[in-house]
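1. Mind folding the following:
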Amino acid sequence: MASKALATTALLLSLNLLFFTLVSSTYVPCPPTPKTKHHHKKPPPAKATCPKDTLKLGVCADLLNDLVHAVVGTPPKAPCCTLIEGLADLEAAVCLCTAIKANVLGIKLNVPVSLSLLLNYCGKKVPTGYQCA
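-> Here you go, the predicted model:
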């Protein structure tokens, strides 16, 4: 009886080994997904524009003149800063840059310094990497 049970166990183990070998030898992994080259070009970044009338920014000339020539007391913010108040930093920079370059302010200026002075005084910042060109 023991030899019959041993023979049956040996047969089952042999068949198990045979089937596991057959199953694992037919394993084929999925092919990798092909990498396609996209020929889409990124659209150029939108050029920032000034949503305000540049001629109105002529009121910033008095403020800038007071800032540059160190007037005693604090120069009034009202006319200039209220014009750029609701604008994002980039829009405000573009507006003032346009006004400075168009010489709306009527005075010769160092553009980056003047732009920075006006924006900082009105509570805005010159955007990182922005150049008034």
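2. From residue 37, how far out is the closest residue to residue 127 other than its chain neighbours?
-> The spatial neighbour of residue 127 that comes closest, neighbours along the chain excluded (C-beta to C-beta, 6 or more residues apart in numbering), is residue 90 at 4.9 Å. Where C-beta positions appear, they are placed from N, C-alpha and C, glycine not excepted. Using C-beta to C-beta, to the nearest Å, one obtains 34 Å as the distance from residue 90 to residue 37.
3. ok, those two, which is more surrounded?
-> residue 90 (14 against 5; other C-beta atoms under 10 Å).
4. What score does that one have for pLDDT?
-> In this model, residue 90 is scored at 88, pLDDT.
5. Then the one 4 residues further on?
-> Reported pLDDT at residue 94 in the predicted model: 87.
6. Give me the buried positions along the host helix or strand of it.
-> Secondary structure here is read from DSSP states H and E; on that basis residue 94 sits in helix 89-101. Of all the residues in helix 89-101, those buried under the rule 16 or more other C-beta atoms under 10 Å are 89, 91, 92, 93, 94, 95, 96, 97, 98, 99, 100.
7. Wait, the first one touches residue 116, no?
-> Spelled out, that is residue 89. No. Proximity of residue 89 to residue 116 does not meet the contact threshold set by C-beta atoms under 8 Å, at 11.7 Å.
8. Overlap in contacts, those two.
-> The overlap between the contact sets of residue 89 and residue 116 (C-beta atoms under 8 Å, 6 or more residues apart in numbering) consists of residue 126.
9. Quick one: the helices in this structure, in order.
-> Listed in chain order, the helices found in the chain under DSSP state H are 2-25, 60-68, 78-84, 89-101, 111-121.
10. and those helices, which is most packed in?
-> Relative to the other members of those, helix 89-101 carries the highest mean neighbour count by mean count of other C-beta atoms under 10 Å, namely a mean of 22.
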